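> Fold the following, please.
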Amino acid sequence: MSTKVADHVLQRLREWGVEHVFGYPGDGINGLLAAWGRADNQPLFIQSRHEEMSAFQAVGYAKFSGRLGVCAATSGPGAIHLLNGLYDAKLDHVPVLAIVGQTHRTAMGGSYQQEVDLHTLYKDVASDFVETVTVPEQLPNVLDRAIRTAFARRAPTAIIIPGDVQELEYSAPTHEFKMVPSSLDSSSWTATPADDSVRRAAEILNSGDKVAILVGQGASGARAEVEQIAELLGAGVAKALLGKDALSDELPYVTGAIGLLGTRPSYELMRDCDTLLTIGSSFPYTQFLPDFGKARGVQIDIDPHMVGMRYPYEVNLVGDAKATLERLIPLIRSEERGREWYDTVCDNVARWHEVMDRRANLSADPINPEYVTRALDPLLPHNAIVSSDSGSAANWYARHLTMRPGMRGSLSGTLATMGCGVPYAIGAKFAHPDRPAIALVGDGAMQMNGLAELITAAKYKDLWEDPRLVVGIFNNHDLNQVTWEMRAMEGAPSFLPSQELPDVQYAAFARSLGLTGIRVEKPQDVAAAWRAGLEADGPAVIEFLTDPAVPPIPPHATWDQMEATAASILKGDADRGSMIRQGFKAKMQDFLQGREGRDKKSD
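Predicted coordinates:
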């Protein structure tokens with residue numbers, strides 16, 4: 001039997017070690033679907049409820065496995081649906097390959113049904129590599145190059161294959177003129193900076209008395225080296241959200257997340273430091289970095305296009321974080337460094353944990369969302385994979401979950417798109433079928449697409465060695481993050497027609513699919529519900545009725561800012577009384593922290 005182009009595509013994916021393709025069928029890829037049937041469904045075709053979810057699942061798979069995520073969709077509408085997930089991959093620097101169909105070559109340019117100029121459409125999102133296959137001889141080079149580029153550039157790439165080309169008999173390229181042969185091998189490589197640059201960086205770091213380190217996802221492969229240089233420098237370490245699992249939160253000098261969703265000790269670390277070392281992060285919010293000119297700076301990043309643009313660093317070390325730190329660490333002098341800065345950072349971290357514990361235990365109507373996440377923290381298995389959706393849930397994920405060695409966590413860091421939490425967790429389950437996955441999701445994201453993807457979880461649960469996939473839903477009937485942004489940034493009360501969400505019985509829907517479904521209406525039932533979900537023999541949905549009036553207060557919020565927000569809400573916010581009450585109680589914990597510290601010193 002002859003090999004068709006579609007057969008060769010799947011064969012080449014297998015040769016590259018691709019085991020899963022996340023997709024949705026359509027006649028634009030009928031040739032590929034038929035090839036999957038001939039190939040005994042290898043690589044495994046994972047059917048989502050929507051192409052955007054396929055792309056998100058591929059992103060989650062790639063984030064949590066370090067391997068290539070692959071998604072597939074039909075021409076026209078299917079290819080368009082992939083875009084949001086692919087942009088998530090682009091902005092978070094994740095290797096994903098999209099394979100999309102196109103109308104037959106004979107119909108191109110004829111305003112044919114479902115004909116879209118896909119090359120133009122994908123030119124931005126897959127700017128590192130997008131190519132349309134028009135003859136069989138273009139394969140395997142186009143596919144190989146798309147895969148290599150996705151890995152090398154940590155970016156989404158795309159190949160477009162017209163329907164009739166998928167059905168053509170495959171013929172390999174030759175050595176004739178204007179033929180492009182290809183090969184499979186892609187040896188690993190490591191980039192390192194020049195010796196002189198490393199020495200200059202060491203001089204800057206050695207001259208600092210109050211060193212702050214900021215790590216992102218680029219530091220995840222250099223955990224031991226980051227710990228070593230932090231301890232040599234007596235530094236505190238803050239984490240961009242994509243780097244939340246790059247370093248254990250149990251270390252006393254790790255201040256946690258930075259930014260609007262960050263912690264008070266991270267804010268203080270950046271405010272008071274005299275030297276900044278950034279490793280594998282392109283954190284964009286410069287107002288949370290040291291004031292320009294106040295601190296000397298060194299950056300380490302593997303991508304030369306991403307260095308030197310967030311802070312006026314004196315030295316930009318372009319290289320792999322682990323390899324670069326291995327060369328930098330022997331040049332660090334620790335013997336002359338005092339411990340006062342280090343002790344201050346650790347004290348700030350310890351006090352912050354006390355503040356967050358008090359905030360989580362504040363009463364709310366009916367349940368404090370901070371308590372929901374705080375109660376989960378000690379129950380997380382050592383090998384848990386946690387995904388967070390965008391919205392106020394991301395605040396609680398950032399501040400209340402303790403990342404410990406062996407755990408993984410991520411979210412849509414740069415695009416900050418809603419709807420990624422559940423498909424990320426599904427992608428994680430295919431990346432690591434022997435590990436439990438937990439998704440923290442707001443009710444807005446669940447209504448957007450999470451409910452439908454519970455069907456996907458139900459469909460594939462028997463393929464997972466550890467079948468646990470726990471979806472924790474913050475059900476507050478409000479698009480809560482936007483509501484608070486309107487209050488704090490616009491001085492505007494909540495606009496109910498845009499913000500109020502209908503009440504949906506999420507747990508009941510889960511039970512209708514044969515999954516575990518638990519509805520929690522009282523604080524005293526929160527911990528037991530998490531335990532039940534983590535002990536379930538399959539996917540579980542736990543629906544917590546949380547208070548929308550609990551504020552995600554930024555770490556730098558002052559009393560003046562709180563009063564200004566309260567004044568704007570009194571103009572007519574539907575929830576103004578409880579919002580002011582909860583905000584006052586939450587912010588009081590910061591001031592209790594300071595007072596307790598002063599009282600202890602005076603004893």
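
> where do the strands sit along the stretch 101-250 of the chain?
Using DSSP state E, counting those that start in this stretch, the strands found in the stretch 101-250 of the chain span residues 130-132, 156-162, 211-215, 236-239.

> Let's have these in JSON lines, adding mean pLDDT, mean neighbour count and distance to residue 310.
Using the backbone N, CA and C atoms, a C-beta is placed for each residue, glycine as well. Converted to JSON lines, these look like this (pLDDT from 0 to 100; neighbours: other CB atoms under 10 Å; distance: least, CB to CB, whole Å):
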{"stretch": "strand 130-132", "mean pLDDT": "97", "mean neighbour count": "21", "distance to residue 310": "28"}
{"stretch": "strand 156-162", "mean pLDDT": "98", "mean neighbour count": "28", "distance to residue 310": "23"}
{"stretch": "strand 211-215", "mean pLDDT": "98", "mean neighbour count": "30", "distance to residue 310": "9"}
{"stretch": "strand 236-239", "mean pLDDT": "98", "mean neighbour count": "30", "distance to residue 310": "13"}
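
> So for residue 196, which of these sits nearest?
For residue 196, the closest of the strands of the stretch 101-250 of the chain is strand 211-215, at 21.6 Å, according to CB to CB.

> Only alpha carbons, please: show the closest one as CSV.
Extracted C-alpha coordinates of strand 211-215, given in CSV (Å, rounded to 0.1, in the frame of the first residue of the first chain):
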residue,chain,number,x,y,z
VAL,A,211,21.1,41.7,46.8
ALA,A,212,17.8,40.8,45.3
ILE,A,213,17.3,37.9,42.9
LEU,A,214,14.3,37.7,40.5
VAL,A,215,13.7,34.3,38.9
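
> just checking, what packs against it?
Strand 211-215 sits against helix 223-233, strand 236-239, helix 264-272, strand 275-279, with contacts defined as 3 or more CB pairs under 8 Å, 6 or more residues apart in numbering; DSSP states H and E.

> Name the residues that touch that strand?
Under the criterion CB atoms under 8 Å, 6 or more residues apart in numbering, residues 205, 226, 229-230, 233-240, 243, 246-247, 258, 269-270, 273-281, 283, 289-290, 295, 341 lie in contact with strand 211-215.

> who does it pair up with?
strand 236-239 (parallel), strand 275-279 (parallel) (DSSP bridges).

> Compare these and give me the one nearest residue 200.
Closest of those to residue 200 is strand 275-279, at 13.0 Å (criterion: CB to CB).

> other SSEs contacting the helix or strand just after the closest one?
On the C-terminal side of strand 275-279, the closest following helix or strand by DSSP states H and E is strand 296-301. Here strand 296-301 touches helix 195-207, strand 275-279, strand 315-318, helix 321-328, going by 3+ CB pairs under 8 Å, 6+ apart.

> The next helix or strand after the last one: which residues count as buried?
In the C-terminal direction, the helix or strand that comes right after helix 321-328 (DSSP H and E) is helix 340-360. Residues of helix 340-360 classed as buried by neighbour count (16 or more other CB atoms under 10 Å): 341-342, 344-346, 348-349, 351-352, 355-356, 358-360.

> Farthest-apart pair in those residues, please.
Using CB to CB, the pair of the buried residues of helix 340-360 lying farthest apart is 341 and 360, separated by 29.0 Å.

> on that earlier part again, mind putting the strands paired with strand 211-215 in TSV, distance to residue 90 included?
Shown next, in TSV, are the strands paired with strand 211-215 (distance: least, CB to CB, whole Å):
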stretch	distance to residue 90
strand 236-239	22
strand 275-279	21
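
> Just say which of the helices and strands packed on strand 211-215 is most tucked in.
Greatest average neighbour count among the helices and strands packed on strand 211-215 goes to strand 236-239 (a mean of 30), per mean count of other CB atoms under 10 Å.

> Go ahead and name everything in contact with that strand.
Contacts for strand 236-239 (CB under 8 Å, 6+ apart): 211-216, 226, 230, 246-247, 251, 253-258, 262, 265-266, 269-270, 273, 341-342, 345, 349.

> helix or strand right after it?
strand 254-257.

> lowest confidence element among the helices and strands of this protein?
For the chain, counting by mean pLDDT, DSSP states H and E, helix 576-602 ranks last in confidence among helices and strands (a mean of 50).

> And the residue nearest the centre of this protein?
The residue lying closest to the centre of the chain (CA atoms, centre = their mean) is residue 411, at 2.4 Å.

> what's the nearest residue to it if we skip its chain neighbours?
residue 388 (4.2 Å; CB to CB, 6 or more residues apart in numbering).

> so how many other residues sit close to that neighbour?
Counted by other CB atoms under 10 Å, the residues lying close to residue 388 total 31.

> likewise residue 408?
Residue 408, neighbours per other CB under 10 Å, totals 21.

> Could you check what's spatially nearest to it, not counting adjacent residues?
Using CB to CB, 6+ apart, the nearest residue to residue 408 is residue 385, at 4.6 Å.

> shouldn't that neighbour be in contact with residue 401?
No - assessed by CB atoms under 8 Å, residue 385 is found out of contact with residue 401, at 12.0 Å.

> sorry, back to before: neighbours of the residue nearest to residue 408, just the number please.
Neighbours of residue 385 (other CB under 10 Å): 27.

> what's across from it in the sheet?
Applying DSSP bridges, one finds that residue 385 bridges with residue 408, residue 437.

> OK, contacts around it?
So residue 385 contacts 64, 407-409, 425, 428, 432, 435-438 (CB under 8 Å, 6+ apart).

> and it, how far is that from residue 63?
For residue 385, the distance to residue 63 equals 10 Å [CB to CB, to the nearest Å].

> list residues touching both of these two?
Among the neighbours of residue 385, those also in contact with residue 63 (CB under 8 Å, 6+ apart) are residue 428.

> got the contact list for the closest residue in space to residue 272 that isn't next to it in sequence?
Nearest in space to residue 272, with sequence neighbours left out and distances taken as CB to CB, 6+ apart, is residue 210 at 6.3 Å. Each residue near residue 210 by CB under 8 Å, 6+ apart is listed here: 272-275, 341.
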